[in-house]
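K.L.:
just the structure for this:
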Amino acid sequence: MRTRAILSSLFLPFVGSLAWATPEPPRVTAECAVVMDAATGKVLWGKNKDYPRPPASTTKIMTALLLVEQCDLQAKIVAPEGVEGVEESSLHLVPGETLTAYEMLQALMIRSANDVAMSVAHHLAGSEAGFAARMNARARELGCENTHFVNPHGLTAEGHVSTAHDLARIARHAMTLDAFCEAAKKRRHSVTRDKNLEDLLLVSRNKLLEMDETVDGIKTGYTKAAGRCFVGSAVRGGSRLIAVVLNSQDWAADTLLLFDWAEANFERREILARGAECGSIRVADCAALTTSVRAAEAVWAMCLKGVTFDPNLRLPGEFEVQAPQAEGAIVGEGVLIDPDGFELAFPLAVSEAAPRRTLLGVAGRTDKGFLVLAAALLGGTYLMRRRARRSWL
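P.N.:
The predicted structure follows:
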């Protein structure tokens, strides 16, 4: 019998305090903004967070992400024909010039070089259109619902849009990649290249890297259509925060305000301890019929400071696994719901072994157990005597 789950729920109600003063929201100048807990993806505050806008060069976060995920950083990337015609910020590549993927990554994130973005697109997908399709597919995998990329660099194009929320989702994943993180926090880098040796120094436009030691990335952006944009990362109180501001009058001030606001009002807290009992599930072919389950790992959440609550857990109401199950075996997922309604999935483990039931176990679980057992014994005796008689003859 296969493991099966019928979607229904068992709710354990909140017992803690649910009445608290909502903190005053940050007063940012940006048209759209988000501050997110990177560990869980929870949005701590947002303003027009799902409103599509031109993302300008913050687009390059996705371009760099795909470069890191899909290319050996020591691979050689050749600048394609037409690369010298790409406008705005540039590394001044010429057709046929070759750089490693590592150097291309630095130029993407530090110089914000549009010609480098074009070269990466052609190397990975053969064309900008083909690469845009990859960008959009990866965006969907990361949960982006209102993003559509047309090019790899973010220059203004019809239909090229994203949102503060989606850009935070992309940045959250990108910051789990070591090579991306290294490039995102660099202030300067000297490029190793085989042509145009007078243009080697890359200098970041992210002034927050010098203004605030907690900031470790990520990407500025500007076009006339998009306005001043920024996607930033900072580690505050041991937690990584992602902030996004689109069409901001002062992107640096807005970003620091979001980081300060989140640090002042939220804290990471263990809500469910590792090993905490969470309920029980049904077990097929087991004499006990059910077994208890526990949290296989601790569940942490970003919570408003000063707010205490008991976990609100949701388990599958009809959930059955096949015996035998060893103690500690992972058998599914539970969901913890915080006071804001944000859901955190966690693995469920069997609290004690659930062995396969025996014939004796079957008999013991029925109202006519004795008769079932007696019939089985008599049947077995009859067969043994019949076989013995045949062998005698």
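K.L.:
let me see the contact set for A38.
P.N.:
172, 175, 233, 239-242 (C-beta atoms under 8 Å, 6 or more residues apart in numbering). (C-beta placed from N, C-alpha, C; glycine too.)
K.L.:
now do the helices in the stretch 51-200 of the chain.
P.N.:
60-70, 101-106, 114-125, 128-141, 164-174, 178-184 (DSSP state H, counting those that start in this stretch).
K.L.:
closest one to R314 among the ones you listed?
P.N.:
Proximity to R314 (C-beta to C-beta) singles out helix 164-174 among these, at 23.2 Å.
K.L.:
show me what the closest one is packed against.
P.N.:
The contact analysis (3 or more C-beta pairs under 8 Å, 6 or more residues apart in numbering; DSSP states H and E) places helix 164-174 against strand 32-37, strand 43-47, helix 60-70, strand 215-223, strand 227-236, strand 239-248.
K.L.:
including mean neighbour count, could these go into TSV?
P.N.:
Below are those laid out as TSV (neighbours: other C-beta atoms under 10 Å):
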stretch	mean neighbour count
strand 32-37	27
strand 43-47	20
helix 60-70	24
strand 215-223	23
strand 227-236	24
strand 239-248	26
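K.L.:
include distance to L208 and mean pLDDT when you put the ones you listed into TSV, please.
P.N.:
Below are the helices and strands packed on helix 164-174 laid out as TSV (distance: least, C-beta to C-beta, whole Å; pLDDT from 0 to 100):
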stretch	distance to L208	mean pLDDT
strand 32-37	14	98
strand 43-47	19	97
helix 60-70	16	98
strand 215-223	4	97
strand 227-236	6	98
strand 239-248	10	98
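K.L.:
now render these as a markdown table, adding distance to F342.
P.N.:
Converted to a markdown table, these look like this (distance: least, C-beta to C-beta, whole Å):
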| stretch | distance to F342 |
| --- | --- |
| strand 32-37 | 9 |
| strand 43-47 | 8 |
| helix 60-70 | 24 |
| strand 215-223 | 23 |
| strand 227-236 | 19 |
| strand 239-248 | 15 |
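K.L.:
show me the contacts for the residue nearest the centre of the chain.
P.N.:
Centrality entry for the chain: nearest residue to the mean C-alpha point is H173, 5.7 Å, by C-alpha atoms, centre = their mean. Residues counted as contacts of H173 (C-beta under 8 Å, 6+ apart) are 65, 142.
K.L.:
neighbours of A132, how many?
P.N.:
By the criterion of other C-beta atoms under 10 Å, A132 has 23 neighbours.
K.L.:
hey, which helix or strand in this structure has the poorest pLDDT?
P.N.:
Scoring the helices and strands of the chain by mean pLDDT, DSSP states H and E places strand 4-11 at the bottom, with a mean of 31.
K.L.:
quickly note the distance from D250 to A30.
P.N.:
9 Å (C-beta to C-beta, to the nearest Å).
K.L.:
quick one: which of those two has more around it?
P.N.:
Remark: of D250 and A30, A30 carries more neighbours, 28 against 14, as counted by other C-beta under 10 Å.
K.L.:
then G275 would be within a strand, right?
P.N.:
No - counting by DSSP: H, G, I helix; E, B strand; the rest coil, G275 falls outside a strand, being coil.
K.L.:
distance of it from A39?
P.N.:
Distance of G275 to A39, computed by C-beta to C-beta: 21 Å.
K.L.:
strands of the stretch 251-393 of the chain, start to end?
P.N.:
Counting by DSSP state E, counting those that start in this stretch, the stretch 251-393 of the chain has strands at residues 266-272, 277-284, 290-295, 299-304, 312-322, 330-337, 343-350.
K.L.:
and the ones you listed as JSON lines, adding distance to C144 and mean pLDDT?
P.N.:
Listed next are the strands of the stretch 251-393 of the chain as JSON lines, based on distance: least, C-beta to C-beta, whole Å; pLDDT from 0 to 100:
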{"stretch": "strand 266-272", "distance to C144": "24", "mean pLDDT": "93"}
{"stretch": "strand 277-284", "distance to C144": "32", "mean pLDDT": "77"}
{"stretch": "strand 290-295", "distance to C144": "30", "mean pLDDT": "81"}
{"stretch": "strand 299-304", "distance to C144": "21", "mean pLDDT": "93"}
{"stretch": "strand 312-322", "distance to C144": "25", "mean pLDDT": "72"}
{"stretch": "strand 330-337", "distance to C144": "22", "mean pLDDT": "88"}
{"stretch": "strand 343-350", "distance to C144": "18", "mean pLDDT": "90"}
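K.L.:
winner for burial among the ones you listed?
P.N.:
strand 299-304 (a mean of 21; mean count of other C-beta atoms under 10 Å).
K.L.:
now that one, how far from the centre of its chain.
P.N.:
In terms of C-alpha atoms, centre = their mean, to the nearest Å, the centre of strand 299-304 is set 16 Å apart from its chain centre.
K.L.:
who are the packing partners of it?
P.N.:
strand 266-272, strand 343-350.
K.L.:
out of those strands, which is closest to S57?
P.N.:
Here strand 266-272 is closest among the helices and strands packed on strand 299-304 (C-beta to C-beta), at 29.2 Å.
K.L.:
what's in contact with that closest one?
P.N.:
37, 39, 44, 237-239, 278, 295, 298-305, 311, 313, 336, 338, 344, 346.
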